[in-house]
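In: What shape does this take:
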Amino acid sequence: MRFRDGRTLLPADVSLAGPTAAADNDDLMSGKSVAIIGAGPAGLTAAYLLCKEGVPVTVIEADPELVGGIARTASYKGYHFDIGGHRFFSKSKEVEDLWTELLPRDLLERPRSSRIFYRGKFFSYPLRAVEALLKLGIVESALCVLSYLKARLFPVPNPKSVEDWVSNQFGRRLFGIFFRTYTEKVWGMSCKEISADWAAQRIKGLALGSAIANALFPKRKPKRGSAVIKTLIESFRYPRKGPGMMWEACARRVREMGGQVRMGERVLGCAFDAGQHEWTLTHVDRSGARHQTRAAHVISSAPLRELALGLTPRLEEETRAAASQLRYRDFLTVVLILKDRKIFDDNWIYIHDPAVKVGRIQNFKSWSPEMVPDPAMTCYGLEYFCFEGDGLWTATDAELLELGKRELQQIGLANAADVVDGCVVRQPKAYPIYDDGYAQKVEKIRREIETRFPTLHLVGRNGMHKYNNQDHAMMTAMLCVRNILAGSPMYDLWRVNEDAQYHEEGDRGDDSGASGLRRVPRRLTA
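Out: The predicted structure is shown next:
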């Protein structure tokens, strides 16, 4: 069983017109008509808001059945599972209100519970000081304190890598214990090779490292009037049957308002007619028939690499070369259905143990009991991070199911004999990679697109090559819609997560920021 991401553009040398391409009369749109590539959170948010304003919209999605992109919900024999775990929590009231508007009666309030597995022991996350000290041991804890003090006194100047950035913040000892193994599992490369941008974006504020630091090195109570460090969230909202439920509702609303959501069609390329100020998207359906959609604007949440290489007129060769060097990390989920022995009720567990390949384990029943149809059973998702085409990715489903059962028992979360069934979900291009030089490549692509194609808008995680969360993707789409309706770039979408704090810090619906990972960018001034 294999699920496709589907939002992939083919190379630019594919013909965009010709005798095999048939223009769909319904798609020959004018004015502020918009074509949207990808039916994920960003694409569908944009489509919904545009439809509410009466703008003609066509969404093109390659997956034949499921909307939501990485935030879709897959199913197998009545069991539902999330692709990575998507909490519905945001510091943006606008985002929270939109979720409520789309699913007014189907959002559960779920307790947040997670742990870290390290050296055969489970640590609560966020860490509890006494537990951490006892499980790490007095000697190890003392070494962590000394390492932390050394890092604060003698930091690495101008840290460029994740290793140096995190070590500066929390000490090399804590970095080695609670960062290195898991991070290198996720990204498939040394922490010395990963840009510090990723750490600054994802670990700032109350992320893993500061939770550890706060547990081991408690801070004094703040003085009256001073800033208070907020705790990690204790609960979040979640659709009864997974995040896909949200995006299915959104797609349905788009269709009800007259918008099109074309499933099972892959975009082959995007051609811009400067004389007509019009885009023509060529896309192919499952039967191989070609279609064309014309629009005044294009919103793309497709991987930036493929989009840049699929544009006509072509981008400059130097820019195309930069695009071709952008990289992505893929992952797969081994879904195991087993007898529920009540061994753990966490939403997920981070696996920091190098003795196993699995990086994270989801307990879908803890996300929502309705994800599992039989109360006597439970369903776990073992996440393995890999590159498309490597040994893990190309292993058979049977081999991966056996690996999952073996590692689940090795960790101590289940007896392999209790597993009765399972399947494998492969997710290409799950994470844009922040390797050395990635920022300069993205900036080059962005600048040329903005200069030559001002009516082409990049949104979402893969569309902007930014490792961001669901609510950030939605916020880029919301601001993009405002720009289109205004007829000018009132908001710089690339500043949405600038100087941001980790999404678990802060209060839900806090108007002080766009969301937990980002601030609302200010309007551009003339």
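
In: Straight-line length of stretch 458-469, end to end?
Out: From its first residue to its last, stretch 458-469 covers 15 Å (Cα to Cα, to the nearest Å).

In: same question, stretch 345-360
Out: With Cα to Cα as the measure, the ends of stretch 345-360 fall 14 Å from one another.

In: Against which helices or strands is the helix or strand hosting residue 450 packed?
Out: Element membership for residue 450 (DSSP states H and E) is helix 438-452. Applying 3 or more Cβ pairs under 8 Å, 6 or more residues apart in numbering; DSSP states H and E, one finds that helix 438-452 contacts helix 304-309, helix 317-324, strand 456-458. (Each C-beta comes from the backbone N, C-alpha and C, glycine too.)

In: ok, then the element right after the first one?
Out: Going back to what we said before, that points to helix 304-309. Following helix 304-309 in sequence, per DSSP H and E, is strand 311-312.

In: what pLDDT does the residue nearest the centre of the chain get?
Out: Nearest to the geometric centre of the chain sits residue 469, at 4.7 Å (Cα atoms, centre = their mean). pLDDT, residue 469: 87.

In: again, but for residue 509
Out: The model's pLDDT for residue 509 equals 61.

In: Any stretches of this protein with poor pLDDT?
Out: 1-31, 127, 129, 201-232, 497-526 (pLDDT under 70).

In: do that again at 50, thanks
Out: Counting by pLDDT under 50, the chain contains low-confidence ranges at 1-30, 205-209, 221-231, 498-506, 511-526.

In: mind listing the strands for the stretch 351-500 of the chain?
Out: 360-363, 377-386, 419-432, 456-458 (DSSP state E, counting those that start in this stretch).

In: returning to what we had before: so which bits of the helix holding residue 450 are buried?
Out: By neighbour count on 16 or more other Cβ atoms under 10 Å, the buried set for helix 438-452 is 438, 441-442, 444-446, 448-449.

In: What angle do strand 419-432 and it make with each other?
Out: Here helix 438-452 runs at an angle of 60 degrees relative to strand 419-432 (axes from the mean of the first three to the mean of the last three Cα atoms, to 10 degrees).

In: Contacts for helix 438-452 next, please.
Out: Applying Cβ atoms under 8 Å, 6 or more residues apart in numbering, the external contacts of helix 438-452 come out as 195, 197, 304, 308, 311, 313, 315-316, 318-319, 322-323, 325-327, 432, 456, 458, 464-465, 494.

In: The same query, at a cut-off of 6 Å, please.
Out: Contact with helix 438-452 is made by 308, 315, 319, 322-323, 325, 456, 465, as judged by Cβ atoms under 6 Å, 6 or more residues apart in numbering.

In: just curious, which of these is nearest to residue 245?
Out: Comparing the contacts of helix 438-452 against residue 245 with Cβ to Cβ picks out residue 465 as the nearest, at 28.0 Å.

In: picking that back up, output the buried residues of helix 438-452 in CSV, with distance to residue 190 appended to each entry.
Out: Putting the buried residues of helix 438-452 into CSV (distance: Cβ to Cβ, whole Å) gives the following:
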residue, distance to residue 190
438, 16
441, 20
442, 22
444, 26
445, 26
446, 28
448, 32
449, 32
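
In: now, which of the residues you listed sits nearest residue 357?
Out: residue 438 (25.5 Å).

In: measure the closest one to residue 187 for me?
Out: Distance from residue 438 to residue 187, counting by Cβ to Cβ, to the nearest Å: 12 Å.

In: And residue 70, by the same measure?
Out: Distance from residue 70 to residue 187, counting by Cβ to Cβ: 17 Å.

In: These two: which has the busier surroundings?
Out: Neighbour tally, residue 70 and residue 187, criterion other Cβ atoms under 10 Å: the higher count belongs to residue 70, 23 against 20.

In: wait, is the more buried one part of a strand?
Out: No. Under DSSP: H, G, I helix; E, B strand; the rest coil, residue 70 falls outside any strand and is assigned helix.

In: Correct me if wrong: it contacts residue 83.
Out: Yes. With contact defined as Cβ atoms under 6 Å, residue 70 counts as touching residue 83 (5.3 Å).

In: For the stretch 101-250 of the chain, just list every one of the helices.
Out: Along the stretch 101-250 of the chain, counting by DSSP state H, counting those that start in this stretch, helices occupy 129-136, 138-153, 162-170, 172-178, 180-187, 196-202, 208-216, 244-256.

In: where do the helices sit along the stretch 251-400 of the chain?
Out: Using DSSP H, counting those that start in this stretch, helices in the stretch 251-400 of the chain cover 304-309, 317-324, 364-367, 391-394, 397-411.

In: Between the strands of the stretch 351-500 of the chain, which one is closest to residue 50.
Out: Nearest of those to residue 50, taken as Cβ to Cβ: strand 456-458 at 11.4 Å.

In: Count residues in the vicinity of residue 396, would you?
Out: Residues near residue 396, counting by other Cβ under 10 Å, number 9.

In: That one and residue 425, how far apart?
Out: Distance, residue 396 to residue 425, by Cβ to Cβ: 14 Å.

In: try residue 39
Out: 18 Å.

In: and what of residue 434?
Out: Counting by Cβ to Cβ - residue 434 and residue 425 are separated by 24 Å.

In: Kindly report the same for residue 98.
Out: Going from residue 98 to residue 425 by Cβ to Cβ gives 27 Å.

In: Same question for residue 165.
Out: Noted for residue 165: a distance of 32 Å to residue 425, by Cβ to Cβ.

In: Just want to know which of the two has more residues nearby.
Out: Using other Cβ under 10 Å, the more surrounded residue of residue 165 and residue 425 is residue 165, with 25 against 22.

In: count of neighbours near residue 437?
Out: Using other Cβ under 10 Å, the number of residues around residue 437 comes to 11.

In: If you drop the residues flanking it in sequence, what lies closest to it?
Out: Closest residue to residue 437 apart from its sequence neighbours, by Cβ to Cβ, 6 or more residues apart in numbering: residue 325 at 7.8 Å.

In: So what's the residue count around that neighbour?
Out: Under the neighbour criterion other Cβ under 10 Å, residue 325 is assigned a count of 12.

In: Backbone torsions only: list them for it.
Out: Backbone torsions of residue 325, given as degrees, to the nearest 10, read phi -90, psi 0.

In: what do you get for residue 469?
Out: Taking degrees, to the nearest 10 as the convention, residue 469 sits at phi -100, psi 180.

In: how close does it get to residue 460?
Out: Per Cβ to Cβ, residue 469 is found 11 Å from residue 460.

In: before we move on, what about residue 162?
Out: According to Cβ to Cβ, residue 162 and residue 460 sit 23 Å apart.

In: got the contact list for residue 260?
Out: residue 58.

In: just the one 3 residues further on next, same as before
Out: Contacts for residue 263 (Cβ under 6 Å, 6+ apart) come out as 61, 64.

In: can you do 7 Å?
Out: Neighbouring residues of residue 263 by Cβ atoms under 7 Å, 6 or more residues apart in numbering: 61, 63-65.
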